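here you go, sequence then predicted model.
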Protein chains: 2
Amino acid sequence: MTVTELIPEQARDRFARGLVTPTAGWCPGWAQANLIAVPRALAWDFLLFTQRNPKPCPVLDVLEAGATGGPLLDGDIRTDLPLYRVYVDGELAEETTDVTGWWRGDLVGFLIGCSFTFERALVAAGVPVRHVDQGVNVPMYRTTRRCRSAGSVGGPLVVSMRPVPGALVETAVRVTAAYPAVHGAPVHVGDPAELGIADLDQPDYGDAVRFEPGDVPVFWACGVTPQAAVVESRPPLAIAHAPGHMLITDARDEDYRIRTA
Amino acid sequence: MTVTELIPEQARDRFARGLVTPTAGWCPGWAQANLIAVPRALAWDFLLFTQRNPKPCPVLDVLEAGATGGPLLDGDIRTDLPLYRVYVDGELAEETTDVTGWWRGDLVGFLIGCSFTFERALVAAGVPVRHVDQGVNVPMYRTTRRCRSAGSVGGPLVVSMRPVPGALVETAVRVTAAYPAVHGAPVHVGDPAELGIADLDQPDYGDAVRFEPGDVPVFWACGVTPQAAVVESRPPLAIAHAPGHMLITDARDEDYRIRTA
């Protein structure tokens, strides 16, 4: 059985048992999600931050304080992702496959849409997804664009980047626009310098990806944005997925597609 | 100058000076919004309620405690709507054109998308908007569908209803689906009994509207839903617009349109 044939519960079970891998290309047809969990005392600021920045932070669900599962996963949010990052006072304290030891009863978990969710639709529309074809994680970059802050929470916009053949950029925009809950249409096409990205080969998260002749860089808002905000805002504790190592949810990608035609 | 030629600031100024009128058809091209303001202590539950019920409660902006203006209105949220409803312990305490006397520094205002925002697009697509043509408020109904609750906040789904010529229902669905931030596609087409609505001529809010031969009732999720939740959840104080008497914002309706083609 290949990773494309697993159902989410099977994939999460593999991750709970210790498998570490980026999840792009896993369980096509199922939605993937970013995780950020913060103490209840900061949850208002975080929820408001997501509301004010819906392109990078489209909230799919909120697990209230103490909850480790919910409608999007019949499982345990502390073990079912392949890799986590734990931040203490805004510093990366540990990268680990299990955060049960770090969990606290006052943590509120935010599940935020992930652009891996629309990759199957891109492929179906004839748009190649280079990082999947190359077997690497998607490259992600901190930009010089600022998010709108909320109380103590603020930071830069983080983007993911996919090289897209020039003739297919319009298709990629149209296809992904139909999925606003998983970042929707790109935030930028073309020159990375306009986002303050100096070198596409040096992503801040994930892996560099190889361009094919005629490819144009296309940038989507990214659910790692809350982690960049954690680094700036320095909450006492925050637990997140490792970039590209997502929660595979029990929701279908089509659940997040807007049908206008 | 007719009401369709006013800019939002001019309309809000008329309302601040006491004009009372439903706002359907006012300032076409500009987005309209529902208001619900609750004490800070309840704001988390309310924001979570909106997040869990994005069809009736798409949040356009949150005015933090103490704020009476924001990016969506260069004005004063306490005076710039044509009519307000004040709820004390879930009971309607007053309907008034100015809530300055009721306002408290701990009130958090939620601005929620309004389906009046997509009516210009419906007309542009050839779909008649009966309540505007008939010069009445849109009819709204409490349904037997339950929202997903959040903490202390729960209640029924409220819908608005527009009669649409049968041959144009598909167009109406397609056009409005492109505006998810102002309720998007309908939640139901046809038999009102399926939503627990006994009599279309007896709306719970707004006015009854006359059907033309061949019209089918089409129901959209409605931003009055938080008011029905207030009635059930009984917060000590809540301030809302009177149904159909909306905030006319400084945002364009097109700002909330998803472009997939």
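That came through, no problem. Residues are numbered from 1 along each chain as shown, chains lettered A, B, ... in the order given.

residue A:237 contacts residue A:102, doesn't it?
Yes: look at residue A:237 against residue A:102 with C-beta atoms under 8 Å: they come within range, at 7.3 Å. Every residue, glycine included, has its C-beta placed from N, CA and C.

joint contacts of these two?
Among the neighbours of residue A:237, those also in contact with residue A:102 (C-beta atoms under 8 Å, 6 or more residues apart in numbering or on different chains) are residue A:86.

show me what from the stretch 51-200 of chain A comes close to chain B.
Residues of the stretch 51-200 of chain A lying near chain B by C-beta under 8 Å from any C-beta of the partner chain: A:51-52, A:59, A:61-62, A:64, A:151, A:174-175, A:177-178, A:180, A:184-185.

if you set the cut-off to 7 Å instead, what comes out?
Applying C-beta under 7 Å from any C-beta of the partner chain, we find that the stretch 51-200 of chain A lies next to chain B at A:51, A:59, A:62, A:174, A:177-178, A:180.

got CSV for these, with pLDDT and neighbour count too?
Below are these laid out as CSV (pLDDT from 0 to 100; neighbours: other C-beta atoms under 10 Å in any protein chain shown):
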residue, pLDDT, neighbour count
A:51, 95, 21
A:59, 96, 23
A:62, 96, 23
A:174, 95, 14
A:177, 96, 19
A:178, 95, 23
A:180, 94, 21
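
of these, which belong to helices?
Using DSSP state H, the members of those that fall within helices are A:51, A:174, A:177.

burial count for the residue lying closest to residue A:53 once chain neighbours are set aside?
Residue nearest to residue A:53 in three dimensions, not counting chain neighbours: residue A:147, with 4.6 Å by C-beta to C-beta, 6 or more residues apart in numbering or on different chains. By other C-beta atoms under 10 Å in any protein chain shown, 25 other residues sit near residue A:147.

cool, and the one 3 residues further on?
Counted with other C-beta under 10 Å, residues neighbouring residue A:150 total 21.

now for it: which residues touch it?
Shown in contact with residue A:150 (C-beta atoms under 7 Å, 6 or more residues apart in numbering or on different chains): A:45, A:48-49, A:52.

out of those, who's nearest chain B?
residue A:48 (5.9 Å; C-beta to the nearest C-beta).

show the pLDDT at the residue nearest to residue A:53.
Per-residue confidence (pLDDT) for residue A:147: 98.

over to the one 3 residues further on?
Residue A:150 is assigned a pLDDT of 96 by the prediction.

ditto for residue A:261
For residue A:261, pLDDT reads 57.

check residue A:184 too.
96.

that one against residue A:173, yeah?
No: in this structure, residue A:184 is not within contact of residue A:173 by C-beta atoms under 7 Å, at 9.6 Å.

so those two - more neighbours on which side?
Neighbour count, other C-beta under 10 Å: between residue A:184 and residue A:173, residue A:184 has more, with 26 against 17.

who's in contact with the residue nearest to residue A:53?
Counting by C-beta under 7 Å, 6+ apart, the residues that residue A:147 touches are A:53, A:56, A:154-157, A:225, A:229.

ok, the residues you listed vs chain B, which is closest?
residue A:53 (12.1 Å).

including distance to residue B:11, could the ones in helices among the residues of the stretch 51-200 of chain A next to chain B go into JSON lines?
Converted to JSON lines, these look like this (distance: C-beta to C-beta, whole Å):
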{"residue": "A:51", "distance to residue B:11": "26"}
{"residue": "A:174", "distance to residue B:11": "35"}
{"residue": "A:177", "distance to residue B:11": "31"}
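
out of these, which one sits closest to residue A:118?
The closest of these to residue A:118 turns out to be residue A:177 (C-beta to C-beta; 9.6 Å).

pull the contacting residues for the nearest residue to the closest one once chain neighbours are set aside.
Excluding the flanking residues, the one nearest residue A:177 by C-beta to C-beta, 6+ apart is residue A:185, at 3.9 Å. Residue A:185 makes contacts with A:173, A:176-177, as judged by C-beta under 7 Å, 6+ apart.

who are the contact partners of the nearest residue to residue A:19 once chain neighbours are set aside?
Closest residue to residue A:19 apart from its sequence neighbours, by C-beta to C-beta, 6+ apart: residue A:82 at 6.1 Å. Applying C-beta under 7 Å, 6+ apart to residue A:82 gives the contacts A:15, A:19-21, A:23, A:97, A:245.
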